[in-house]
Every structure is written in structure tokens, then in C-alpha cells.
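Novice: Dropping the sequence and predicted coords here.
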2 protein chains.
Amino acid sequence: MGVFIRMGIKFANRMENIKSSAIRELLKLTELPDIISFAGGLPAPELFPVKQLEEVCCNVLQNDGKAALQYSTTEGFLPLRNHIASRAGKLGIECTAQNILITSGSQQGLEFTGRIFINEGDVVICESPSYLGALNAFKAYIPKFVEIPMDEEGMIIEELEKALEQYPEAKFIYTIPDFQNPTGRTMNLERRKRLIELANKYEMPVIEDNPYGELRFDGEHLPSLKSLDTKGLVIHLGTFSKIFCPGLRLGWVLAEPELLSKYIIVKQGADLQSSTIAQREISKYLDLYDIEEHIENLIKVYRVRRDLMLETMKAEFPSNVTFTNPEGGLFAWVTFPEGMDAADILKLALEEKVAFVPGEPFYPNGGNANHCRLNYSNMPEDKIVEGIKRLGKVLKSL
Amino acid sequence: MGVFIRMGIKFANRMENIKSSAIRELLKLTELPDIISFAGGLPAPELFPVKQLEEVCCNVLQNDGKAALQYSTTEGFLPLRNHIASRAGKLGIECTAQNILITSGSQQGLEFTGRIFINEGDVVICESPSYLGALNAFKAYIPKFVEIPMDEEGMIIEELEKALEQYPEAKFIYTIPDFQNPTGRTMNLERRKRLIELANKYEMPVIEDNPYGELRFDGEHLPSLKSLDTKGLVIHLGTFSKIFCPGLRLGWVLAEPELLSKYIIVKQGADLQSSTIAQREISKYLDLYDIEEHIENLIKVYRVRRDLMLETMKAEFPSNVTFTNPEGGLFAWVTFPEGMDAADILKLALEEKVAFVPGEPFYPNGGNANHCRLNYSNMPEDKIVEGIKRLGKVLKSL
């Protein structure tokens, strides 16, 4: 095909809001093979249950091959929804398969949330900073973002209260209470309770995005917002990407049936259903294997990597560079002195063959250039140490 | 979880436009086990390459397990995109992997089309009737549908010309040129050429939805619209659902890079990427097996089923009931005498344990209740004969 010039084609207005970013171009460089990359949000591939998946693939195809390759229901494979509902008990959530819709990763649940709730100009309340992929999904519907500042204990609830007073017509609160992306911070119990009180007061839906909650390295699990929900306002998003593997693209929406029905209708139009065979494979895996044991193994490895990264940063970074202390999940958040730009630092870091994600795109209204996100789950231990040392060298040179 | 009453929650306006339909409720009845159903658009599960898929699953997991279960690029697995680009030659389309984005079924390509092009109130031009799933995907963006009447040779081009004169600002033309869903009709070559001339004149994007094009039972393949495209205006949607199996949920968008880049950005926000392992499995299947031979087998079986259905309708239906003569694909379209309502006939048919889809939902602006769509790919031969006989009995009783 040649290159054509088409001046007449007009796209929808929303496309203006979801242009590819300069940062994405920069991030392509982070994928070169000799780079030590802390940029992606990738789990450790050496921990994927490859052998077990081979067994369940064969099992599913031998026993239910025709059904596994056929169309199936939009809601998802019932035995898998039963597994998810039963595992939600671990988070203190009482529910049944009727509360579960299978999605293609929790990214799809985020995208559907935008479609279901946001008219152009509507207010969306989120943590500052927040998950880039969610912000981009919401941006397609052209909302106004109201950012709630965070401290080490998560979203500052007094600030949320002020925002709700000012914008009682906001469409929803989006939060990642556990080991937040990008900061690694966790919302404390008192704030979770207060958030639910405020949601109840304003009848405000709460999107609880929980990809990492089961990956806690230290301390006790805190109750999920959904488990504290007394008015059916919390829509909980989960995924197999971080506790099993991302390549199958399976996540779920957990909500009250009345709300879930909106997600089901939207799913129908979006892609009819998620992969029949992938759903049956994970369901069979959950029948045959102990995923809790698998998660324990992930936690052991990721805890070592987090410790190594934090210790090496402490030793190698200048004292005016600070960072969060994640108790779980995949990310730490680094703050450079005011006035520094992480995108400039990334260019220098790439010369030293080390990469990260600059923080600015995680702020939906921009600014805050002096931060970056570091991932510790994907690189082996020796590369974590070497990469942080190189980054320390870059920072000391500034 | 209990049932909660939440009066305060406000959804986006678009949700008013994508309510679940009464017809969907009726269709749930068609899934009861003792029903002979011509309702779905399902391929024949007994022809799925289950054994071969088991082999490629094991091959992929043994040789590339870690990569197959990890995140991968939004565009899709390069060897699979190469396979698709190379197979597009069969449709007369010259292209490379740079023209291909992998999607989660071609339904996702349809949904993205709505998102990329439609502002509320924009005109979308489509065949009358047209594919229900496409109409529903577009409806979420609240367009105005302009329907172009069809005859046995497809869209009536003079009517298209009039519509373009009246709505030169329309966003795109949506068409299924080969073995259309729901009518089974095929657009003739002269009309294809005229359609491209008109698209060029108005610089109008054309969405060519081609799920069935390779399933031709009689006559010669006609060139795809994309192969006739001289200005890069045609966006071609393909899928493995009907030539391989739907359960893996893999399709593709084939377009000029400048247009494809819009689909890639939207895909990123929608679900990041399609299943890594499913892409590698189909790619490996295409490496190891001859899919053309598999498609020949499908054609042989479906041809017999189509013949049986048409012959039995001829013998059993009253002479005031007419039907199309599909040269390929999955569907025939039946027209009852003016004034009859297919939804009423369905109720009677269900009493005889036979089901179909009433035609009205395939008309985006409603009306035309005296049609129905029949699928012949999914039911074995004896059930096709028995089901059509029962339907004939119902029709004769009216």
C-alpha cells in the first residue's frame, strides 16, 4: 500500500484528547535489549506457571475442545466466575458469580468505566498521581480530572472531602488503595472507612482498582473498599495479570448486579466476550493447582527485589532524592529535587543503559516533572543493583 | 451482596442508547438444549481444529512459554501480522504487517471505528439491513444512521449516491460486501467499483467488514473493496472466528498506517493488547498447517448445509415466503408477507422448539418486522431439515 493524502477525513473530537504522547516515543528506547529497564509494569516471566498451563491447555482441549473454541456468554465462564467470587472472600468481599463479569484485563474494566459514566466535561476524581492507563482510558471521554493529593498513607481524605463539596456532581472516585500505581503507597484503614462514608453521603460510585492487592510483602492485608461498601457503590476491578500472567488478558469487574449490567451491555458491544479457551484454562488451573502457593512464591521473590532496590537507592542516590516504601505491588516512586525534570534525567539514564518512566504523565492535569516510577518485579536481582547504581551515578552528576 | 437502591448515580447519556433489547431476552430461550436453533452466528464446532490447536499450544508453551504469557505490543505479534498480510493477497490486497493491527475479534474493530469517527449526531451510512453487532457498537456514540436499500446484488449504488449527495459530511460507509450478515447477499463487481469511485469523490472512509469472504461455496471470489482502494480510504476488518475458531477472539484491522495509527492508540486504552498466547498459537498453526485446506473443508460442509436449508425451505415454506440465495457465508434471509411480525412467528416457532433471529433489530432505524435471519452453519444436516419443516408447519398455520 502506498502513502495516501486524505485531507477530507474527519475524526471524532475525542481523538484530539488521546494522541500518542512524546513519552511513548521515548519509552520505545527502553525496550532495547541491553537496557536495564525499570520502566514497564511487567511481572517476572521466570515465575509464570508455564508447565502447569501446558497441562491445563491439554486438559481443556482434550475434554472440552469444541466448547473451548466456540463463542460463549458475554458474562464469562461460570466456573471461573465462581472461582473469582470465592477468592474475593480473601479480600473480605461476600459475593457470587452474579457479581462478576470477565473482562480482557482490568484495563478493559477501566475503559468501560469511562464509557458508562463520563459525558464530556464531567468531573472524575482521582489520586494525584494516578495510573496512566486509567487516565488515558478516561480521557477518551473528555472528563475534567480533579486530583486529590496523597501522602504516605494514600489519598488525603480532607482534600477528597473538599473536592466532593465543590464537585458533588462528580461521576466517580477512581482509586488504587493497595500499592498504588505509580507510587506504591497504600491507603490506611481509617481513610478507607472515611472514603466509604463520603461516597455514601454523596452517593458517589467508587472505582477500586486492585491489580496488586494480593502481593503484600509486609504487614497485614487491609480490607478492600468493596468489603467496606454498605450501599453498593464500589465497583471493584481485579485481574489475573499480576498473580498469574498477563498474556492471557483476563480480568474482572466485581459489582452489584444493577451496576454490573451496564458493564455487561458495554462488553457485548466492545468485543462480545473474552477468550473462551483462556477462561477455561485459568478455571482449570484454579481447579487443579493451589494459586495461593503460587502467589506466596511471587511475594517471596518480589520482596527480595523491592528490598534490594530500596537498599541500593539508599546507598547510591544523593540525599536530596527521596522515594516511597511500598509494602507490596510492583512499583516505587522517586522524587527528585524541585525544578528537576525526570524526562531530562531519563535521557542521561538511557546513555547509561538504564530506563524508568518519568512521573509527569501520571498527573492528568500535568506538572510535577520531578518524579519517576521504578518497577522492581521484572528485573533479576543483579540487574536491579547494577541499574540503580548507574542511576545513582547519573543523579550524582547533576 | 444485597440489593441496594442508589438513586443518585448518573450514567453517561450514551448508555440510554445501548439498552439491552427485548429481543435479547427472547433469544435466551433459543439456547435451551432441545431447541433447533438457527439463531446464532456460530460456526460448526465439530470442524474446529482441536487436535492441531493442542499441538500448537504445547509447541508455543514449550518453546516460548515466558514470552507467550507476558505482556506484548499493542500492534500484535509480528509473525502473525506477517501471516495476515501475506494471506490478504488472496483477496487481492497488497500490504505488509505495518498495515495490520490485531484486535479481539472484528467486533472490537467495529467498536473502535465508532470511537474513532463518530461524534454525537454524525451520519453513518450502512446497508439496510446491516449487522446488529456493528449497529450496537456504533450506537454507543449516538450517530444518525442513513440506511441504503439493498437488492440481490447488494447495496443499491444509486441510493448510496443520493445519500452521499444529501450527507457529504457523513463519517463513513459501513458495508459487508461478501455474504452479508444478515442477508447473505454479495455486492457485485460493478457496484464495488462504483462504491470506490463515490468514496474517492467524497473522501469518505469505507469500513469493509469481511468475516465470511473466504467462505464462498459457488462461483468466483470478487475483489475486496480494499483491493480496489486507490486513495487509502478503505478500512478492512478481518477475523479468525469463522475460518478458524471464535473462542480465541482474534481479528484484525487492515488499513493504511496513517489511519491504522488511530486504531492502535484506541486499542492501547481499550485493553492494551490482545492475548499474547492466542496470537502465538494461531501464528504457529499457520506455520505448521495448511489453513487453506481447513477452509476448503469448512466450505464443503457449509455448502451442503446451505443447499439443504434452501431446498427444504423451497419444499416446506408457503409460496408467499421468500428467501435469499447466499453463495457463501453463514446466513439466509427470509421475508414473510408484509404485515407479519417475525417476533410473533418466533414465539410460535419456539413452541415447536425451533428458533431464529427476527429481522427488525438489523434495521438501525427500526421497522421491517417481516423478516428473519437463519443460520445454517451451526446445526447438523438432520436438524436443518427437521427445523425447517417445523418452521414450515408454523408458517402454513398462519
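Specialist: Alright, I've got the coordinates.

Novice: Only C-alpha atoms from now on, for both contacts and neighbour counts.
Specialist: OK.

Novice: what about residue A:288, neighbour count?
Specialist: 12 (other CA atoms under 10 Å in any protein chain shown).

Novice: Which per-residue confidence value corresponds to it?
Specialist: Turning to residue A:288, the model gives it a pLDDT of 98.

Novice: Please report the distance of it from residue A:281.
Specialist: Using CA to CA, to the nearest Å, residue A:288 is found at 11 Å from residue A:281.

Novice: got the contact list for stretch A:189-196?
Specialist: A:155, A:156, A:157, A:222, A:223, A:225, A:228, A:229 (CA atoms under 8 Å, 6 or more residues apart in numbering or on different chains).

Novice: what do you get for stretch A:28-38?
Specialist: In contact with stretch A:28-38 (CA under 8 Å, 6+ apart) are residues A:39, A:350, A:353-357, A:373-376, A:378-379, A:383-384, A:387.

Novice: Torsion angles phi and psi at residue A:374?
Specialist: phi -120, psi 130 (degrees, to the nearest 10).

Novice: hey, what's it bridged with?
Specialist: Residue A:374 has these beta-bridge partners by DSSP bridges: residue A:332.

Novice: what's near enough to touch it?
Specialist: Residue A:374 sits in contact with A:38, A:39, A:331, A:332, A:333, A:334, A:356, A:357, where contact means CA under 8 Å, 6+ apart.

Novice: so what's the third one closest to, chain neighbours aside?
Specialist: If I follow you right, that is residue A:331. Setting aside the residues directly before and after it, residue A:331 is nearest to residue A:375 in space (CA to CA, 6 or more residues apart in numbering or on different chains), at 4.6 Å.

Novice: Next one: that neighbour, what pLDDT does it get?
Specialist: Looking at residue A:375, the pLDDT reads 97.

Novice: thought it was touching residue A:332?
Specialist: Yes - counting by CA atoms under 8 Å, residue A:332 is a contact partner of residue A:375 at 6.6 Å.

Novice: where along chain A do the strands fall?
Specialist: Here chain A has its strands, by DSSP state E, at A:36-37, A:100-103, A:123-128, A:144-151, A:154-155, A:172-175, A:206-209, A:234-239, A:251-254, A:322-323, A:331-335, A:354-355, A:357-358, A:371-375.

Novice: Would you list the strands that the third one pairs with, along with their directions?
Specialist: Next to strand A:123-128 in the sheet, as set by DSSP bridges, lie strand A:144-151 (parallel), strand A:172-175 (parallel).

Novice: what does the first one give?
Specialist: According to DSSP bridges, strand A:36-37 forms sheet pairs with strand A:354-355 (parallel).

Novice: What is the neighbour count of residue A:218?
Specialist: Neighbour tally, residue A:218, other CA under 10 Å: 11.

Novice: mind listing what the nearest residue to it once chain neighbours are set aside touches?
Specialist: Nearest residue to residue A:218, sequence neighbours excluded (CA to CA, 6+ apart): residue A:327, at 5.5 Å. By CA under 8 Å, 6+ apart, residue A:327 lies in contact with A:179, A:184, A:185, A:186, A:216, A:217, A:218, A:219.

Novice: would you list those in JSON lines and tack on pLDDT and distance to residue B:239?
Specialist: Shown next, in JSON lines, are those (pLDDT from 0 to 100; distance: CA to CA, whole Å):
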{"residue": "A:179", "pLDDT": "98", "distance to residue B:239": "38"}
{"residue": "A:184", "pLDDT": "98", "distance to residue B:239": "40"}
{"residue": "A:185", "pLDDT": "98", "distance to residue B:239": "42"}
{"residue": "A:186", "pLDDT": "98", "distance to residue B:239": "42"}
{"residue": "A:216", "pLDDT": "98", "distance to residue B:239": "41"}
{"residue": "A:217", "pLDDT": "98", "distance to residue B:239": "43"}
{"residue": "A:218", "pLDDT": "96", "distance to residue B:239": "46"}
{"residue": "A:219", "pLDDT": "95", "distance to residue B:239": "48"}
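
Novice: Only the buried subset of these, as a PyMOL command please.
Specialist: PyMOL command restricting the contacts of residue A:327 to the buried ones, with burial defined by 16 or more other CA atoms under 10 Å in any protein chain shown:
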select buried, chain A and resi 179+184+185+186+216+217
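
Novice: pLDDT weak spots in the stretch 101-250 of chain A?
Specialist: Within the stretch 101-250 of chain A, no range satisfies pLDDT under 70.

Novice: quick one, helices of it?
Specialist: Using DSSP state H, counting those that start in this stretch, the helices assigned to the stretch 101-250 of chain A run over residues A:105-117, A:132-139, A:157-166, A:189-202, A:225-228.

Novice: The shortest one and chain B, any residue contact?
Specialist: This means helix A:225-228. No - contact of helix A:225-228 with chain B (CA under 8 Å from any CA of the partner chain) is absent, the minimum separation being 9.7 Å.

Novice: tell me what that helix is packed against?
Specialist: helix A:189-202, strand A:234-239 (3 or more CA pairs under 8 Å, 6 or more residues apart in numbering or on different chains; DSSP states H and E).

Novice: at 10 Å what do you get?
Specialist: Applying 3 or more CA pairs under 10 Å, 6 or more residues apart in numbering or on different chains; DSSP states H and E, one finds that helix A:225-228 makes contact with helix A:189-202, strand A:206-209, strand A:234-239.

Novice: Equivalent analysis for the first one, please.
Specialist: When contacts are defined as 3+ CA pairs under 10 Å, 6+ apart, helix A:105-117 sits against strand A:100-103, helix A:132-139, strand A:172-175, strand A:206-209, strand A:234-239, strand A:251-254, helix A:257-271, helix B:257-271.

Novice: Deepest-packed of those, please.
Specialist: strand A:100-103 (a mean of 29; mean count of other CA atoms under 10 Å in any protein chain shown).

Novice: what's the neighbour count on whichever residue of the stretch 101-250 of chain A sits closest to chain B?
Specialist: Going by CA to the nearest CA, chain B is nearest to residue A:247 of the stretch 101-250 of chain A, at 4.0 Å. When neighbours are defined as other CA under 10 Å, residue A:247 has 24 of them.

Novice: Once you drop chain neighbours, what's closest to whichever residue of the stretch 1-150 of chain A sits closest to chain B?
Specialist: Relative to chain B, the nearest point of the stretch 1-150 of chain A is residue A:69 (4.0 Å; CA to the nearest CA). In this structure, residue A:69 finds its nearest non-sequential neighbour in residue B:247, 4.0 Å apart by CA to CA, 6+ apart.

Novice: phi, psi of that neighbour?
Specialist: According to degrees, to the nearest 10, residue B:247 has phi -70, psi -20.

Novice: ok, the residue of the stretch 101-250 of chain A closest to chain B touching residue B:66?
Specialist: Yes - between residue A:247 and residue B:66 there is a contact at 9.2 Å, judged by CA atoms under 10 Å.

Novice: Show me the common contact partners of the two, please.
Specialist: Common neighbours of residue A:247 and residue B:66 are listed as residue B:277 (criterion: CA atoms under 10 Å, 6 or more residues apart in numbering or on different chains).

Novice: How is chain A partitioned into domains?
Specialist: Domain ranges of chain A: A:17-48+A:293-396, A:72-288, per automatic domain parsing.

Novice: Could you single out the most deeply buried of the ones you listed?
Specialist: Among the domains of chain A, domain A:72-288 has the highest mean neighbour count (mean count of other CA under 10 Å), at a mean of 22.

Novice: ends of that domain, how far apart?
Specialist: End-to-end for domain A:72-288, by CA to CA: 23 Å.

Novice: again with stretch A:141-155
Specialist: End-to-end distance of stretch A:141-155: 24 Å, with CA to CA as the criterion.

Novice: So which of the domains of chain A is nearest residue B:83?
Specialist: Proximity to residue B:83 (CA to CA) singles out domain A:72-288 among these, at 20.4 Å.
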